[in-house]
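Peer 1: okay, here's the prediction I keep looking at, along with the sequence it came from:
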Amino acid sequence: MKKEQYKVIVKIWEGSKRGEDSFKKWHVWNLLKLVEFLDQKFPNWKWFNVYDKRTKEQIASYTKNNRPTAPRL
(Lines give C-alpha, C1' and ligand atoms only; values in the text may rest on other atoms or scores of the structure.)
Protein backbone atom coordinates (compact mmCIF):
# COMPACT_ATOMS: atom_id res chain seq x y z
CA MET A 1 0.00 0.00 0.00
CA LYS A 2 1.42 3.35 -1.05
CA LYS A 3 1.58 6.15 1.49
CA GLU A 4 -0.36 9.26 0.61
CA GLN A 5 1.58 12.47 0.51
CA TYR A 6 0.15 15.63 2.07
CA LYS A 7 0.56 19.21 0.98
CA VAL A 8 0.97 21.62 3.90
CA ILE A 9 0.92 25.39 4.07
CA VAL A 10 2.64 26.85 7.14
CA LYS A 11 2.29 30.38 8.52
CA ILE A 12 5.57 31.65 9.97
CA TRP A 13 5.88 34.85 11.96
CA GLU A 14 9.13 36.54 10.88
CA GLY A 15 9.28 39.88 12.62
CA SER A 16 8.46 42.04 15.56
CA LYS A 17 5.54 43.85 13.93
CA ARG A 18 2.08 42.69 13.03
CA GLY A 19 1.85 41.59 9.42
CA GLU A 20 5.42 40.34 9.12
CA ASP A 21 4.32 36.82 8.28
CA SER A 22 5.25 34.47 5.50
CA PHE A 23 3.72 31.30 4.16
CA LYS A 24 5.72 28.23 3.14
CA LYS A 25 4.55 25.11 1.31
CA TRP A 26 5.86 21.58 1.63
CA HIS A 27 4.88 18.08 0.54
CA VAL A 28 5.22 15.66 3.47
CA TRP A 29 4.45 12.08 4.45
CA ASN A 30 5.02 12.37 8.22
CA LEU A 31 3.32 15.16 10.20
CA LEU A 32 5.34 14.53 13.36
CA LYS A 33 8.62 14.95 11.48
CA LEU A 34 7.24 18.14 9.96
CA VAL A 35 6.56 19.59 13.42
CA GLU A 36 10.05 18.59 14.55
CA PHE A 37 11.53 20.32 11.48
CA LEU A 38 9.43 23.46 12.04
CA ASP A 39 10.48 23.67 15.71
CA GLN A 40 14.15 23.50 14.70
CA LYS A 41 14.23 25.67 11.57
CA PHE A 42 11.26 28.00 12.10
CA PRO A 43 10.63 28.32 15.86
CA ASN A 44 8.14 31.15 15.26
CA TRP A 45 5.72 29.08 13.18
CA LYS A 46 2.07 29.68 14.10
CA TRP A 47 -0.11 27.13 12.30
CA PHE A 48 -0.33 24.82 9.33
CA ASN A 49 -3.11 23.40 7.20
CA VAL A 50 -2.94 19.92 5.71
CA TYR A 51 -4.37 19.22 2.26
CA ASP A 52 -4.91 16.03 0.30
CA LYS A 53 -2.37 16.24 -2.50
CA ARG A 54 -4.68 14.70 -5.11
CA THR A 55 -8.02 16.36 -4.31
CA LYS A 56 -6.58 19.59 -2.88
CA GLU A 57 -9.17 19.48 -0.07
CA GLN A 58 -8.19 20.66 3.41
CA ILE A 59 -8.21 17.67 5.74
CA ALA A 60 -6.68 19.05 8.96
CA SER A 61 -5.40 22.15 10.69
CA TYR A 62 -2.86 22.40 13.51
CA THR A 63 -1.32 25.15 15.64
CA LYS A 64 1.81 25.43 17.74
CA ASN A 65 -0.29 24.41 20.78
CA ASN A 66 -2.58 21.90 19.00
CA ARG A 67 -0.10 19.55 17.33
CA PRO A 68 -0.65 16.28 15.48
CA THR A 69 -0.39 13.18 17.66
CA ALA A 70 0.28 10.69 14.86
CA PRO A 71 2.47 10.79 11.75
CA ARG A 72 -0.50 10.08 9.44
CA LEU A 73 -4.13 11.15 9.34
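Peer 2: Arrived safely, thanks for sending.

Peer 1: for the residue nearest to residue 42 when sequence neighbours are not counted, give its distance to residue 6.
Peer 2: With sequence-adjacent residues excluded and distances taken as Cβ to Cβ, 6 or more residues apart in numbering, residue 42 is closest to residue 12, at 4.9 Å. From N, CA and C alone the C-beta is placed, and that goes for glycine too. Noted for residue 12: a distance of 18 Å to residue 6, by Cβ to Cβ, to the nearest Å.

Peer 1: in terms of neighbours, single out the busier of these two.
Peer 2: Higher neighbour count among residue 12 and residue 6: residue 6, with 22 against 18, using other Cβ atoms under 10 Å.

Peer 1: my read: that one touches residue 50, true?
Peer 2: Yes. Residue 6 is in contact with residue 50 according to Cβ atoms under 8 Å; the separation is 5.1 Å.

Peer 1: between those two, what contacts are shared?
Peer 2: Common neighbours of residue 6 and residue 50 (criterion: Cβ atoms under 8 Å, 6 or more residues apart in numbering): 31, 59, 73.
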